[in-house]
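sequence and predicted structure are below.
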Amino acid sequence: MNVFLWILQILLAAAFLMAGLLKSTQPKEKLAPKMPWVNDFSPGVVKLVGVTELAAALGLVLPALTGIAVVLTPLAALGLAVIMVLAGIYHFRKGEYSGIVVNAAFLVIALVIAWGRFGPYAF
């Protein structure tokens, strides 16, 4: 199970590292064609979401890898779960149901990581 959790952590971290880099470094106008939700938020909020995703991606891997403050790994997973719930609510309100599927998948992965690292497979 530990190997399975590591695989999930690395995959989720990679996805949010890429997404966070895009959102935190690209102008809102360049993101809009592929991420229409950015049109509903200020550039600062889009950057904040990106930086939060970057921090969570690093938090999924680095504490566990270094053995320093390993409790941050499941906390990062819970943080991503909160982001996915909020994103799912946004997509639901906008009637963008296909977006909810992606959010739900990431939510489940994040919760499995949090459960495993807080509980039976803590470091």
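All right, it came through fine.

tell me how far the residue nearest in space to the middle of the chain lies from Ala32.
With distances taken as Cα atoms, centre = their mean, the chain has Leu80 as the residue nearest its mean C-alpha position (4.0 Å). Leu80 sits at a distance of 23 Å from Ala32 (criterion: Cβ to Cβ, to the nearest Å). Any C-beta I mention is one placed from the backbone N, CA and C, and that applies to glycine too.

tell me, how many residues neighbour Ser42?
Applying other Cβ atoms under 10 Å, we find 10 residues neighbouring Ser42.

for it, what are phi and psi?
Dihedral pair for Ser42: phi -70, psi 160, per degrees, to the nearest 10.

looking at it now. What's its pLDDT?
pLDDT for Ser42: 95.

for Met1, see how far away it is.
From Ser42 to Met1 the distance is 42 Å (Cβ to Cβ).
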